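Student: here you go, sequence then predicted model.
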Amino acid sequence: MRRSPLFSGVLYIIFGALFTYFAIHDLQRNQDWGFYTYLLVILATFDIGSGIKLINFHFFLKKNHADTKKPKQ
């Protein structure tokens with residue numbers, strides 16, 4: 001069964017928020033920007049960006065599907 005882009009987008013945003021939380025926690029614990037903190041911030045950025053793109057793609061598909069179902073006048 002295929003997952004919808006909306007579900008995948010929300011999942012990516014949740015993972016991005018989780019990586020952001022871990023990055024903030026690591027920064028507070030070490031009081032320094034280490035390799036691990038940078039890695040978590042990069043992963044969070046990619047996840048949130050991909051999530052936004054997938055959610056936009058879902059609404060684009062939904063709009064196009066609705067436009068093709070309308071009868072031509």
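Tutor: Great, that's in hand.

Student: switch to C-alpha atoms for all contacts and neighbour counts from now on
Tutor: Noted.

Student: residues near His70, how many?
Tutor: Quick fix: residue 70 reads Lys, not His. 8 (other C-alpha atoms under 10 Å).

Student: gap between it and His58?
Tutor: Remark: distance between Lys70 and His58 (C-alpha to C-alpha, to the nearest Å) = 19 Å.

Student: cool, and Gly51?
Tutor: 11 Å.

Student: between these two, which one's more packed in?
Tutor: Gly51 (24 against 17).

Student: check which helix or strand covers that one.
Tutor: helix 35-69 (DSSP states H and E).

Student: for that helix, buried residues please.
Tutor: For helix 35-69, burial by neighbour count (16 or more other C-alpha atoms under 10 Å) applies to 37, 40-41, 43-45, 47-48, 50-52, 54-55, 58.

Student: can you tell me the centre-most residue of the chain?
Tutor: Gly51 (2.2 Å; C-alpha atoms, centre = their mean).

Student: show me what contacts the closest residue in space to that residue that isn't next to it in sequence?
Tutor: Of all residues not flanking Gly51 in the chain, Gly9 sits nearest, at 3.8 Å (C-alpha to C-alpha, 6 or more residues apart in numbering). When contacts are counted by C-alpha atoms under 8 Å, 6 or more residues apart in numbering, Gly9 is found next to Ser50, Gly51, Ile52, Lys53, Leu54, Ile55.

Student: give me that answer again for 7 Å
Tutor: Ser50, Gly51, Ile52, Leu54, Ile55 (C-alpha atoms under 7 Å, 6 or more residues apart in numbering).

Student: cool, Thr37 as well?
Tutor: Ala23, Asp26, Leu27.

Student: nearest to Asn64 among those residues?
Tutor: Ala23 (38.5 Å; C-alpha to C-alpha).

Student: go through whatever helix or strand the closest one lives in and flag the buried ones.
Tutor: Using DSSP H and E, Ala23 sits in helix 5-30. Within helix 5-30, the residues that count as buried by 16+ other C-alpha under 10 Å are 5-6, 8-10, 12-17, 19-20, 22-23, 26-27.

Student: and the pLDDT at the residue nearest to Gly51?
Tutor: The per-residue pLDDT reported for Gly9 equals 97.

Student: great, nothing more from me.
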